[in-house]
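> Pasting a predicted model and its sequence here:
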Amino acid sequence: MIRVYIVGEVRLYREGLEQVLGQLGTIEVVGAGAGPADAIPRIRDLHPDVVLLDLRVPDGPVVAQAVVKAVAPARVVALAMREVEPEIVAWAEAGIAGYVDREGSLEDLVAAVESVARGEMLCSPRVAAFLLGRVAALATGGSLLGRQPHLTSREREITRLVGEGLSNEQIARALQLALPTVKNHVHSILDKLEVHRRADVASLVAGWR
C-alpha cells in the first residue's frame, strides 16, 4: 500500500482526489492540506511515501523546493505541470520526483505515484530527451537554460529586472524607455521563454545567477 498525502489550495480538488485514490485499493491517502505551511508538519508526522503537490501559483517551483527539502524522504509529485522547457527545468531543479501534466488522466496520476514509490520517474519521451540534453549542457559548461542566449541584450536586461520584481513602469524609468516599448519587450520575453507569467520569468532568472 502506497501512503499518499495531498497538498492543494482548492478543497474540492483535494477531496475529489482523496476519494478517487482511496477507492483504488493500492493507495492509502493519509491526509490532505491546503498549503505547505500547514501540510509540512502533518507530513512529517504521518510519514507518507509520496506527496502530491498542486501548486498552480506564482513561484511554484520555489515553494516545491522548500517542500521537497522539508518532507524528505517522502517523494514529491507535481500536479498540473506544463511540458514546456523552462517549467521542466524549474521543477526538476526543485527536486520533484515525478509529475502529471495538465492534460493528465487519473491513470497517469496513478502511474506516476507508483513509479515514484518504486524510486523511478515516469515522463514522456520529449521530457526525457530534454532532461538528458540539459544534463549534457551542464556537463559541458553550457548555460543553465538553453533559452537565455536567444534573448537580445535588451531583453536579457529587462528579464533581469522582471526577475527582481520590477513593474513595467519601474523598468521603463530605470532604462529610460517608453512604457509601450517595455511592454513589447516583456511580451517577447514571455513568448521566447514559453511562459505566461512574470513569476515564471523570476524563477528562471534565479537559475541564471
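Happy to help now that I have it. Numbering: from 1, shown residues only.

> ok, the nearest residue to Gly33 once chain neighbours are set aside to His187 distance?
Of all residues not flanking Gly33 in the chain, Ala39 sits nearest, at 3.3 Å (Cβ to Cβ, 6 or more residues apart in numbering). From N, CA and C alone the C-beta is placed, and that goes for glycine too. Note on Ala39: its distance to His187, by Cβ to Cβ, to the nearest Å, is 36 Å.

> and those two? which has more neighbours close in?
A count of neighbours by other Cβ atoms under 10 Å puts Ala39 above the other of Ala39 and His187, at 23 against 10.

> I'd say the more buried one and Tyr5 touch.
Yes. Using Cβ atoms under 8 Å, Ala39 is in contact with Tyr5, at 7.0 Å.

> Could you tell me which residues touch both of those two?
The contact sets of Ala39 and Tyr5 overlap at 31, 33, 51 (Cβ atoms under 8 Å, 6 or more residues apart in numbering).

> count of residues packed around Ile43?
Per other Cβ under 10 Å, the neighbour tally for Ile43 reads 22.

> contacting residues around the residue nearest to Gly33?
5, 7, 31, 33, 51, 67.

> quick one: contacts for Leu175?
Leu175 makes contacts with 157-158, 161, 182, as judged by Cβ under 8 Å, 6+ apart.

> out of these, who's nearest His47?
Nearest to His47 among the contacts of Leu175 is Leu161, at 43.4 Å by Cβ to Cβ.

> Check the secondary structure at the nearest residue to that closest one once chain neighbours are set aside for me.
Distances taken as Cβ to Cβ, 6+ apart place Ile171 nearest to Leu161, at 4.8 Å, with adjacent residues excluded. Assigned by DSSP: H, G, I helix; E, B strand; the rest coil, the conformation of Ile171 is helix.
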